[in-house]
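# Mind folding the following:
(one chain, ligands or ions: 1)
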Amino acid sequence: MSKIFVDACFRKPTPYTPVWMMRQAGRYLPEYMKVRAQAGNFLNLCHNPKLACEVTIQPLDIVGVDAAILFSDILVVPNEMGMHLDFIKGEGPIFKDPIVTEADVDALIGGEEAASKLTYVYETIKLLKEQLPQDKALIGFTGAPWTLATYMIEGQGTKTYNICKKMMYSNPQLLHKILKKVTEVVKFYMEKQIQAGADVVQIFDSWAAAIEPGMYDEFSWKYMVEIAEYLKEKYPHIPVIMFPKGIPAFLDKVYGNFDVFGVDWGTPLSLAKEKLGSKYVLQGNMEPCRLYSKDATTKCVEGIQNIMQGEGHIFNLGHGILPDVPVENAIHFVSECKRVSKK
Ligand code: CP3
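Below you'll find the model as predicted:
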């Protein structure tokens with residue numbers, strides 16, 4: 001059976017424009033909170049294939065999206081490269097021994113060896129393939145090397161990126177060494193997700209906007225393209241989605257072999273369509289806070305449909321759904337996307 005989401009990624013005709021939401025499995029769902037409590041904490045949930053599978057499927061049943069995104073986190077990759085990871089309540093992720101020197105990079109586990117340690121992710125994907133309805137796609141994912149490196153160097157989330165930028169401008173070789181090592185692991189990681197059964201993969205460059213536009217290619221995009229092109233060469237039937245958040249000044253310079261470009265909410269969709277719409281399918285891009293109001297949601301969905309006309313498009317938010325969004329508003333978003341785009 002063909003999957004509407006995969007068809008849309010390849011610009012094939014679909015009965016309506018498919019829709020999913022970044023961070024669709026998460027804290028806005030009481031059902032998620034229940035399973036997380038059962039797991040004890042967030043990382044335990046990522047490590048438990050049976051429970052991770054359960055929360056991956058929840059938004060399909062509850063909200064009605066057309067694709068499931070694997071429940072995991074981007075930071076399991078540096079974790080399995082040997083960096084100790086904690087999620088502290090109210091503070092988010094922490095690596096207590098961030099990378100400072102070249103010796104720290106050399107000490108990290110690299111390549112296929114690191115990717116092979118993420119067995120719980122592949123197990124979750126295999127369980128999902130047994131349990132997902134045939135017409136729903138399963139999206140695997142990774143963080144972009146740059147976004148992962150920001151956590152590996154800063155040790156936590158950051159507003160200023162001052163530690164990794166100090167490295168970028170004063171010791172770029174060391175930053176490239178980190179980015180190369182992460183890129184190698186991620187290639188194997190994505191490949192193993194595909195071999196386990198992922199139908200589509202997305203590369204999240206959530207912190208793309210931290211890099212000045214003239215240097216974005218050198219420190220992030222070229223590594224994302226290297227991963228995408230490695231996958232497209234070996235698995236041309238698997239769509240690759242790129243999501244670099246917040247880089248409208250780079251739209252003119254986007255290149256590479258991939259299928260879908262994720263448009264963040266700060267980039268006008270009409271501009272993305274003009275620059276990239278003939279080459280790539282576009283995904284997005286409702287401002288996630290519109291989900292606080294059903295009216296604001298409907299207006300935006302109609303506006304997006306007006307621009308894209310159901311061609312070369314996948315509905316999504318322009319970044320992740322927030323934890324205090326009412327579930328019924330998320331349901332409203334998904335049903336409005338289907339209503340306005342029904343052929
Ligand atoms: O539904 C989905 O999208 C799948 C699951 C998913 C999670 N994280 C679950 C999660 C995905 C795709 C991610 C990606 C991720 N993780 C990104 C890139 C995506 C983006 O939003 O830009 C980033 C930057 C991270 C790193 C990360 N993970 C942070 C900064 C945090 C803490 C912030 C917060 O919201 O508390 C996490 C934790 C996290 N990842 C949660 C979930 C559901 C919340 C954990 C919990 O309290 O249950």
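# any idea of the pLDDT on the closest residue to residue 143 other than its chain neighbours?
Nearest residue to residue 143, sequence neighbours excluded (Cβ to Cβ, 6 or more residues apart in numbering): residue 74, at 3.1 Å. Backbone N, C-alpha and C define where each C-beta goes, glycine included. Reported pLDDT at residue 74 in the predicted model: 98.
# Tell me how many other residues surround whichever residue of the stretch 201-343 of the chain sits closest to the ligand.
Closest contact between the stretch 201-343 of the chain and the ligand, by Cβ to the nearest ligand atom, is at residue 206 (3.1 Å). Residues near residue 206, counting by other Cβ atoms under 10 Å, number 22.
# Looks like it contacts residue 143 (just checking).
Yes - taking Cβ atoms under 8 Å as the contact criterion, residue 206 and residue 143 are neighbours in contact, 7.2 Å apart.
# tell me, what's touching those two both at once?
Common contacts of residue 206 and residue 143 (Cβ atoms under 8 Å, 6 or more residues apart in numbering): residue 74.
# where's stretch 294-303 relative to the chain centroid, distance-wise?
Using Cα atoms, centre = their mean, to the nearest Å, the mean C-alpha position of stretch 294-303 is found 24 Å from that of the whole chain.
# And stretch 122-139, by the same measure?
Taking the mean of its C-alpha atoms, stretch 122-139 sits 17 Å from the chain's own mean (Cα atoms, centre = their mean).
# which residues sit in contact with residue 73?
Residues near residue 73 by Cβ under 8 Å, 6+ apart: 42, 43, 46, 93.
# Most neighbours out of those, which is it?
Among the contacts of residue 73, residue 46 has the most neighbours (other Cβ under 10 Å), with 25 neighbours.
# still on that earlier bit, wait, the residue nearest to residue 143 sits on residue 141?
Yes - the pair residue 74 and residue 141 qualifies as a contact (Cβ under 8 Å) at a distance of 7.3 Å.
# still on that earlier bit, narrow the contacts of residue 73 to those in strands?
Of the contacts of residue 73, the ones assigned to strands by DSSP state E are residue 93.
# how about CSV for the contacts of residue 73, with distance to the ligand and pLDDT added?
As requested, those are exported to CSV (distance: Cβ to the nearest ligand atom, whole Å; pLDDT from 0 to 100):
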residue, distance to the ligand, pLDDT
42, 4, 95
43, 9, 96
46, 8, 97
93, 5, 97
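# The contacts of residue 73 in helices, which ones?
42, 43, 46 (DSSP state H).
# who's in contact with the residue nearest the centre of the chain?
Ranked by distance to the mean C-alpha position of the chain (Cα atoms, centre = their mean), the top residue is residue 204 at 3.9 Å. Contacts of residue 204 were listed using Cβ under 8 Å, 6+ apart, and they are 74, 141, 142, 143, 144, 147, 243, 245.
# And the third one, how far from the ligand?
From residue 142 over to the ligand the distance is 9 Å, taken as Cβ to the nearest ligand atom, to the nearest Å.
# And for the first one?
From residue 74 over to the ligand the distance is 4 Å, taken as Cβ to the nearest ligand atom.
# that's a strand at that residue, yeah?
No - Residue 74: not assigned to a strand; according to DSSP: H, G, I helix; E, B strand; the rest coil it is coil.
# Next, give phi and psi for it.
Backbone torsions for residue 74, taken as degrees, to the nearest 10, come to phi -60, psi -30.
# Most widely separated two among the contacts of residue 73?
The most widely separated members of those are 46 and 93, with 11.5 Å between them, by Cβ to Cβ.
# Around the ligand, which positions in the stretch 101-250 of the chain sit nearby?
Proximity of the stretch 101-250 of the chain to the ligand, by Cβ under 6 Å from any ligand atom, involves residues 141, 143, 157, 204, 206.
# Let's see that with 8 Å instead.
Taking Cβ under 8 Å from any ligand atom, the part of the stretch 101-250 of the chain that reaches the ligand is made up of 141, 143, 147, 151, 157, 202, 204, 206, 207, 243, 245.
# host element of the first one?
Spelled out, that is residue 141. The secondary structure element spanning residue 141 is strand 137-143 (assigned by DSSP states H and E).
# Now do that strand: distance to the chain's middle.
Centroid separation for strand 137-143 versus its chain: 7 Å, with Cα atoms, centre = their mean.
# repeat for stretch 138-147
Here stretch 138-147 shows a centroid-to-chain-centroid distance of 5 Å under the convention Cα atoms, centre = their mean.
# Please apply the same query to stretch 292-307.
Here the centre of mass of C-alpha atoms in stretch 292-307, compared against the chain's by Cα atoms, centre = their mean, lies 23 Å away.
# and the residue nearest to residue 246 when sequence neighbours are not counted, helix, strand or coil?
Residue nearest to residue 246 in three dimensions, not counting chain neighbours: residue 209, with 3.1 Å by Cβ to Cβ, 6+ apart. The assignment at residue 209 comes out as helix when based on three-state DSSP.
# Can you get me a residue count around residue 209?
19.
# again with residue 247
Using other Cβ under 10 Å, residue 247 is surrounded by 20 other residues.
# and if you look at residue 184?
Here the number of neighbours of residue 184 (other Cβ under 10 Å) works out to 19.
# Report the contact partners of the residue nearest to residue 246.
The neighbours of residue 209, taking Cβ under 8 Å, 6+ apart as the test, are 245, 246, 247.
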